[in-house]
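S.K.: predicted model and sequence below, questions to follow.
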Amino acid sequence: MFLGKVIGTVWSTRKDENLVGAKFLIVRHLDLEMKEKDNFVVAVDSVGAGEGEVVLVATGSSSRQTTFTQNKPVDAVIMAIVDKLDVPVEELLKKNKK
Amino acid sequence: MFLGKVIGTVWSTRKDENLVGAKFLIVRHLDLEMKEKDNFVVAVDSVGAGEGEVVLVATGSSSRQTTFTQNKPVDAVIMAIVDKLDVPVEELLKKNKK
Amino acid sequence: MFLGKVIGTVWSTRKDENLVGAKFLIVRHLDLEMKEKDNFVVAVDSVGAGEGEVVLVATGSSSRQTTFTQNKPVDAVIMAIVDKLDVPVEELLKKNKK
Amino acid sequence: MFLGKVIGTVWSTRKDENLVGAKFLIVRHLDLEMKEKDNFVVAVDSVGAGEGEVVLVATGSSSRQTTFTQNKPVDAVIMAIVDKLDVPVEELLKKNKK
Amino acid sequence: MFLGKVIGTVWSTRKDENLVGAKFLIVRHLDLEMKEKDNFVVAVDSVGAGEGEVVLVATGSSSRQTTFTQNKPVDAVIMAIVDKLDVPVEELLKKNKK
């Protein structure tokens, strides 16, 4: 899974019939210091995530393993909302030195 | 899913027999300000998308979860046509600062 | 799918028993102006593609959805030979300006 | 699989109901000299890996092939803890020359 | 599939119970002139490949389509040992000019 932040929504009326009711959220990748990266994906929400929340996103066939996404043409799903990260300070410092 | 824009069509006569009737569209990746990136994929259309339209593309096994693409050797499908994005202005500004 | 050009062949005697008879072709990625990129994959041919031909390649589990590749340890298949691309000139120009 | 090092944990209360009890570990990619790279994934642990340990991570649908992860929306799993690498010194030197 | 060279072995005692007996080989990506690239994967061997040999690696769910890897948490498999490549000289020269 990758760590991301919900930053917006995609609205679509004309879509695959199985996707009626799907909530398409725009999720930007985050680094370990919670800084947003440039790249993003559009993921279906399965846990009630809202804008600004930090989430985990599962991609590929694994994104179809939730009750809502099963058998749907969906390749990214928000399957967890993150409470906090536990990363030792020295790990974060290592990254800054690079 | 990734956000893209339909910019052209690929024509093919000799192809897997299950792909007769498939419409292969060229889809360029878009950033959040709808600027086209260099990279593109060839995706099968399942929602009647036309040139110039902004779409969502699902890749991998998920692209076979539409009525038309099921069991076909296809790894990218257009499964939604985008009406609009809701992204707060401050998010777009963040990106520009990078 | 990605757009590619067949540029060579890989010969292998010792391989998975299910792959006897498989034709492994080297396919370089192409950009929209048919210029070859550096990256390439080795794909199994399912449509009789030959050297120099422009093709579409499906990757991942989708590459096992042809009669020949089913249930085989293969992650890329040539499933179409391209006749032509329809891309408006202004799209190609956009790219050159970048 | 990729070679990685466990550097932290992600805590999540609100998540897919099938993920109750899952341990989400942050795994940084390693190069062959065991130097940490910038990129990381969040993987579910299936072998009792702890912080600081060097591990192998399987991604995609393959990550659902352990007893715990089966049918769960998970796209990365730690499936082995690494004891040691056997890489000839000349291979490591090659890399340094680049 | 990608073209690679076996350069070492990963040893692991604590691993998923289905992986007992698996041989984890370190495979570096190769370009068309057989030069080693920096990136590598850890792949399970299914064809008796040894150190120094040039091989094909299948990734993702396709890597579980060999007798040994079936239903195992493995996302890369060596499924062929390469005898030779047939690539016209002008193709190799193209690459060098870039």
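M.R.: Cool, the structure landed. Note that the structure is a prediction, hence the values are computed from the model and not measured.
S.K.: any idea how far the residue of chain A found nearest chain C is from B:Gln65?
M.R.: Taking Cβ to the nearest Cβ, chain C has its nearest neighbour within chain A at A:Ser61, 7.4 Å off. The way it works is simple: take the backbone N, C-alpha and C, and place the C-beta from them, glycine included. For A:Ser61, the distance to B:Gln65 equals 10 Å [Cβ to Cβ, to the nearest Å].
S.K.: for A:Trp11, same thing?
M.R.: As defined by Cβ to Cβ, A:Trp11 lies at a distance of 21 Å from B:Gln65.
S.K.: how about A:Gly52?
M.R.: 30 Å.
S.K.: next one: A:Val20
M.R.: Distance of A:Val20 to B:Gln65, given as Cβ to Cβ: 14 Å.
S.K.: ok, those two, which is more surrounded?
M.R.: B:Gln65 (24 against 8; other Cβ atoms under 10 Å in any protein chain shown).
S.K.: now A:Val54, nearest residue through space, not along the chain?
M.R.: Nearest residue to A:Val54, sequence neighbours excluded (Cβ to Cβ, 6 or more residues apart in numbering or on different chains): A:Val82, at 4.3 Å.
S.K.: same question for A:Ala43.
M.R.: Take A:Ala43 and drop its neighbours on the chain: the residue closest to it by Cβ to Cβ, 6+ apart is A:Ala76, 3.9 Å away.
S.K.: thought that neighbour was touching A:Val55?
M.R.: No: with contacts counted by Cβ atoms under 8 Å, A:Ala76 stays clear of A:Val55, the gap being 10.8 Å.
S.K.: quick one: the strands in chain A, in order.
M.R.: Here chain A has its strands, by DSSP state E, at A:2-11, A:24-30, A:36-45, A:54-59, A:76-81, A:84-86.
S.K.: how far off centre is the second one?
M.R.: Relative to its parent chain, strand A:24-30 has a centroid offset of 5 Å by Cα atoms, centre = their mean, to the nearest Å.
S.K.: for that strand, which strands pair with it and how are they oriented?
M.R.: strand A:2-11 (antiparallel), strand A:36-45 (antiparallel) (DSSP bridges).
S.K.: what's the angle between that strand and strand A:76-81?
M.R.: 70 degrees (axes from the mean of the first three to the mean of the last three Cα atoms, to 10 degrees).
S.K.: now the end-to-end length of stretch A:43-60.
M.R.: Start-to-end span of stretch A:43-60 (Cα to Cα, to the nearest Å) is 11 Å.
S.K.: for that stretch, buried residues please.
M.R.: A:43-47, A:49, A:53-60 (16 or more other Cβ atoms under 10 Å in any protein chain shown).
S.K.: make JSON lines from the strands of chain A and add mean pLDDT to it.
M.R.: Shown next, in JSON lines, are these (pLDDT from 0 to 100):
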{"stretch": "strand A:2-11", "mean pLDDT": "98"}
{"stretch": "strand A:24-30", "mean pLDDT": "98"}
{"stretch": "strand A:36-45", "mean pLDDT": "97"}
{"stretch": "strand A:54-59", "mean pLDDT": "98"}
{"stretch": "strand A:76-81", "mean pLDDT": "98"}
{"stretch": "strand A:84-86", "mean pLDDT": "96"}
